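> have a look at this fold, sequence not included:
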């Protein structure tokens, strides 16, 4: 530290340097400033700098010799609480006895600690050596004094020393001699540069910060265990105390108090026991009566049954209580035993259940979890802090597979079971003898644990009933001729139909449930095909008068493209098909005739059955019969028939030619033949009990005349055309490569519910016709005809005509073939109001929702009405109030649609999945701004997955994407270029499963698609043993592990197949199941443990079968039981015996 006079000298030098800059005229002014500065310096001394923790002290001019006649002083100091440690690194001061001449004196508060001179090896003087000097306090003074001379022959350089602060251990210092006692009465804690006093438990530090006072040491204790005692324990406190201790732990735990045996609280003895009058320890538990404790007997263990307890300890200034001590502990609240679930299992099974314990309930194979009349996927409940389970146990109800899928033209017979429940067995059958099962296999189906009806055959084919053809239930006993023939009995020729075509009678035959085969000339007059409306079909009975009461209408007429007979002289390709508007259900009265094989042979003389409602002969008069007649006619050799026709050509003109597509039947003598009105009727031959359509009544020369024969279309030449026509005909098509698709829809109107409360919906049948739907080039044009509306408009009929030429419907081929594929099209139409528009504005808009059952087709369209000129004669649709076209339809155009190629998709856990969605708009853009939003809806909760906003004309500068689901993405380039708004979800998690809603907003319009995502993980099934070797006395445990699967619903089942059995059987003892284990990725694992008794026959195959929704079929793993192995010691003994015998023989 510097002396004050040195600090003044520095200030004077600074001021002198300033005076050099002033001129003489300013000296008087500066003198005044100088006086003020000096005064300030004297009155306000400059603050000392913070004491240093270390430093260095050297004699003047060191390491040069020090000058003579010196008196220098250094005042060293360090912060309070530290000592100074002074260490000399060099000392060379003139040596003298008693350091009389030159010396360095070290002092502490004017007390000399040492006086030094000389050097390390000098004989005289006093050198400090290597030992440091430690000051008693934080100060130290060094005084260096020299005489008037420093001998020249030995120049002394003085000294150099280092000093540093050293902490004082105040706590180890002896007590002061003034009787004030130690620094701390109980506990002294040495700190850096100081010390702290503290007190023992039960005491608190007084305000003097050194002495301790008895204290309660109360407060709140929230640790799960601890130790408490009264103030001064085990001694009596010197004064009255009133202490409070609160033990409060987490809810769900119970506090127990365990008092030590050394317990003493003053009490007064009464007849009722100790009375706590002046001293007591009171226990207060919420919602219970408080308890006062006193006396000399320990209360021992007290279970409070609460997570909070308050202890109030009170004594007065009189009496004596040594106090108490206790250990407190906590344990979890216990819940009651949960009970059992019929047809289910509660896991884990424990002897006691405590707070935060979970139990799980799973049902036995074939049962489902039910709670509050609702099925639940899984169940778990937790023991709550109040000692109750947070949910009651569910019930296990037997699962059912629902009604077996109905079989068209057939039925279902229950072989076993009840109400479609688990293990019920059904068998499909067809309505015999009119239908039979495809393949002829009577497959049984069992309701399995996965709620699916599964076939008991390895190859599962969905049962289908196909018509039985050509096998009437009533057989003809004799054959008569049509000309004068007898009436055909009912049900003897069930394929025969009567046609009325524009007032003309003809015949035909049933070949399918919607198809009639006839002659082309019946439905084509003068080269012009007849209208569908003019065709009436009658079938089922043999009396025309009765038949006329129930006509069947034609949907379309298909004439063979090679038939061209405007002048009725060319009957080549005389064959046509009529499609009916509704399908026929076959019975005894209506049954199809079989089609011939393509290589069917027409053997000369083979008899055939001709039937019809044509002209017959009665009493030598020909009249049109009203009864079905039949006759048997043989096939005539083609050359004979040709010669007969050639002879008549010489007599008459306009006789048609006989071609290879025709054959003749009849007898040379005549009298038996088909005739007018029979055209189109069948010529049937019988083979193996079935009639097949060999020919169609086509033409002939007169009827039943001698030397003439009837000519029939040879059906076997047209089998391929017939099948293609039936299979391909699904839509109507015009010559421009586009087709009309007609859909039956429902118009949904929102109304008001009963009493004006809530919304009600009315549903009205409607028809939607898509015009000009593009058809694939390979579609056959001649099979399709354009849609023709009714010639008389009906204002009550709701008929929408929608043009799709501007907006192509993706995958429209699904709609084209839905009819043929027997797929139901779900079509709903509702009014639509664009954003910001007023209801009832012109034009009007409608939203159409289309879904094809069992096909990946779903689309939502916006229709806009086409403006039509109104005049007084314009019809108005009554329900919609909109003008109709002249054909009675509401003309619209598709302007916007949102579609998806998938309705539901399953993807494995951790895989990537693409959810398909797209949009299309009118060729004249509705808007350039598009917004796409994907949302996930799951179990009543929804959140946004991804949102994109962009412009179709400038995506690069206007695309904004907000992805809230990490790993979701959409390609803006595909949105703009293709209208593809599909979203990709990477690294699927369990939480990704649910319903995804794709919403596309384009200007004022928006539409949605809904896609369901199932996240699945196939189970990994394994057995604990690769081979199972029986033990002779004890059962062996076989475990089946079903690992890492999702969703939760996995069923495990043990089966056994003994060497003498052919089919495995379900074991009555299904072993024990572990509880479900859920992994971090959300998947589950489950194990089943089967005890295999030693009585099982070797060679028995034991199978673990696992059913899971992610599996198409149950997964099985098996092991074969092997005989017990001989004990190893027997092998060793046998080996030793053989060895001994061998050596015995050798030694001999």
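Yep, it's here. It should be emphasised that the depicted structure is a prediction, and the values quoted were computed from it without experimental measurement.
> quick one: mean pLDDT over stretch 219-228.
For stretch 219-228, mean pLDDT is 90.
> quick one: residues in contact with it.
245-250, 253, 311, 325-330 (C-beta atoms under 8 Å, 6 or more residues apart in numbering). Just so you know, the C-beta spots here come from the backbone N, C-alpha and C atoms, and that holds for glycine as well.
> try it again with 6 Å
245, 246, 247, 248, 249, 326, 327, 328, 329, 330 (C-beta atoms under 6 Å, 6 or more residues apart in numbering).
> out of everything not next to it in sequence, what's closest to the most centrally placed residue in the chain?
Closest residue to the average C-alpha location of the chain: residue 993 at 1.6 Å, with C-alpha atoms, centre = their mean. Counting by C-beta to C-beta, 6 or more residues apart in numbering, residue 1015 is the residue found nearest to residue 993 once chain neighbours are left out, at 4.2 Å.
> what ranges does the chain have for its helices?
Using DSSP state H, the helices found in the chain span residues 4-19, 27-43, 544-547, 638-651, 719-728, 813-816, 955-958, 972-978, 1128-1147.
> under the pLDDT cut-off, which ranges of the stretch 51-200 of the chain? List them.
150-154, 177, 179-180 (pLDDT under 70).
> the closest residue to residue 1003 other than its chain neighbours: neighbouring residues, count only.
Nearest non-adjacent residue to residue 1003, counting by C-beta to C-beta, 6+ apart: residue 927, 2.8 Å away. Other residues lying near residue 927 total 14 when counted by other C-beta atoms under 10 Å.
> and residue 15, what's its pLDDT?
Note on residue 15: pLDDT of 39.
> whoops, I mixed them up, residue 986
Value for residue 986, per-residue pLDDT: 94.
> residue contacts, it?
Neighbours of residue 986 in contact, by C-beta under 6 Å, 6+ apart: 912, 967.
> what distance do you get for it to residue 173?
According to C-beta to C-beta, to the nearest Å, residue 986 stands 73 Å off from residue 173.
> kindly report the same for residue 825.
On the measure of C-beta to C-beta, residue 825 and residue 173 end up 103 Å apart.
> pick out whichever of these two has more residues nearby.
residue 825 (19 against 12).
> state the distance from that one to residue 723.
From residue 825 across to residue 723, the span is 25 Å (C-beta to C-beta).
> do the same with residue 859
Applying C-beta to C-beta to residue 859 and residue 723 gives a distance of 32 Å.
> tell me which of the two has more neighbours.
Per other C-beta under 10 Å, whichever of residue 859 and residue 723 has more neighbours is residue 859, with 26 against 12.
> which residues does the nearest residue to the more buried one once chain neighbours are set aside contact?
Distance criterion C-beta to C-beta, 6+ apart; nearest residue to residue 859, sequence neighbours excluded, is residue 899 at 4.0 Å. Counting by C-beta under 6 Å, 6+ apart, residue 899 touches 810, 859, 918.
> quick check: pLDDT value at the spatially closest residue to residue 613 that is not a sequence neighbour.
Leaving aside its sequence neighbours, residue 613 sits nearest to residue 498 (C-beta to C-beta, 6+ apart; 5.1 Å). If you check residue 498, the pLDDT there is 92.
> residue 788 now?
Looking at residue 788, the pLDDT reads 60.
> just the one 3 residues further on next, same as before
pLDDT recorded at residue 791 is 55.
> going forward can the numbers begin at 699, since that is how I track them
In the new count, where the first residue is 699, that last one comes out as residue 1489.
> related to what we said a few turns ago, so the residue nearest to residue 1311 sits against residue 1238, correct?
No: Residue 1196 is not in contact with residue 1238 according to C-beta atoms under 6 Å; the separation is 10.0 Å.
> and these two? Which one has more around it.
Using other C-beta under 10 Å, the more surrounded residue of residue 1196 and residue 1238 is residue 1196, with 26 against 21.
> so what's the more buried one bridging to?
residue 1205, residue 1236 (DSSP bridges).
> shaky segments in the stretch 1149-1298 of the chain?
Looking at the stretch 1149-1298 of the chain by pLDDT under 70, you get 1155-1160, 1175-1184.
> then the stretch 1299-1448 of the chain?
Looking at the stretch 1299-1448 of the chain by pLDDT under 70, you get 1312-1322, 1368-1375, 1402, 1426-1435.
> just the stretch 1549-1698 of the chain next, same as before
Flagging of the stretch 1549-1698 of the chain using pLDDT under 70 yields the residue ranges 1565-1569, 1624, 1653.
> if you set the cut-off to 80 instead, what comes out?
Applying pLDDT under 80 to the stretch 1549-1698 of the chain flags residues 1551-1554, 1565-1572, 1584-1585, 1621-1625, 1637-1638, 1652-1655.
> mind listing what the residue nearest to residue 1311 touches?
Applying C-beta under 6 Å, 6+ apart, the residues contacting residue 1196 are 1236, 1245, 1311.
> and if you look at residue 1013?
So residue 1013 contacts 938, 939, 977, 1019 (C-beta under 6 Å, 6+ apart).
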